[in-house]
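> make a model of this:
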Amino acid sequence: PFVIFLGWGDDITWVQTYEEGLYQAKKSNKPLMVIHHLEDCQYCQALKKAFAENEEIQEMAQNNFIMLNLMHETTDKNLSPDGQYVPRIMFVDPSLTVRADITGRYSNRLYTYEPQDMPFLIENMKKALRLIQTEL
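As a prediction, this is how the structure comes out:
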């Protein structure tokens, strides 16, 4: 079964589980982008809309990243370094290191993004891609 998360972008292929995401990231040498969200969270809905409407984000999400959408918390504490809130977006590099150094704008919720933060998210996606080239 192929998972479709409606509203985030029609052409994004999502992996099913965090484990599969890690496997695919390692295999393809692409960073894994993990989006934690909940359907009934208004901030998540707003983020989803901005994410879907941004062509640059969509293109990178389709081509350069392994994409995972989690609607439940993982047991991997590395994915919640500063708490389990939604929405939050984290990056994991192909060496399977959670990049706690790629953060958003808010010091109280390091990995959250608001709809107006899409330029910031784009920068962080590019940063995640650059890190692979420089470190691996």
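> which stretches of this structure form strands?
14-15, 32-36, 66-70, 88-92 (DSSP state E).
> by contact count, what packs against the longest helix belonging to the chain?
Longest helix of the chain, by residue count under DSSP state H: helix 118-135. Judged by 3 or more CB pairs under 8 Å, 6 or more residues apart in numbering; DSSP states H and E, the packing partners of helix 118-135 are helix 42-53, helix 55-63, strand 88-92. The C-beta positions use only the backbone N, C-alpha and C, and glycine is treated the same way.
> deepest-packed of the ones you listed, please.
Greatest average neighbour count among those goes to strand 88-92 (a mean of 24), per mean count of other CB atoms under 10 Å.
> quick one: least confident helix or strand in this protein?
In the chain, no helix or strand scores lower on mean pLDDT, DSSP states H and E than helix 118-135, which sits at a mean of 91.
> neighbouring contacts of that helix?
Identification of contacts with helix 118-135 by CB atoms under 8 Å, 6 or more residues apart in numbering yields 29-31, 33, 50-51, 54, 56-57, 60-61, 64-65, 89, 91, 93-95, 99, 102-105, 113.
> nearest approach to residue 14 belongs to which of the helices and strands packed on helix 118-135?
For these, proximity to residue 14 was assessed by CB to CB; helix 55-63 is nearest, at 9.7 Å.
> do you know how far the residue nearest to residue 115 when sequence neighbours are not counted is from residue 100?
Nearest in space to residue 115, with sequence neighbours left out and distances taken as CB to CB, 6 or more residues apart in numbering, is residue 50 at 3.7 Å. Counting by CB to CB, to the nearest Å, the gap from residue 50 to residue 100 is 24 Å.
> what's the closest of the helices and strands packed on helix 118-135 to residue 17?
Closest to residue 17 of those, according to CB to CB: strand 88-92, at 13.1 Å.
> centre of the chain to the closest one, how far?
From the chain centre to the centre of strand 88-92 is a distance of 4 Å (CA atoms, centre = their mean, to the nearest Å).
> over to stretch 113-120?
13 Å.
> repeat for stretch 43-57
That offset, for stretch 43-57, works out to 12 Å (CA atoms, centre = their mean).
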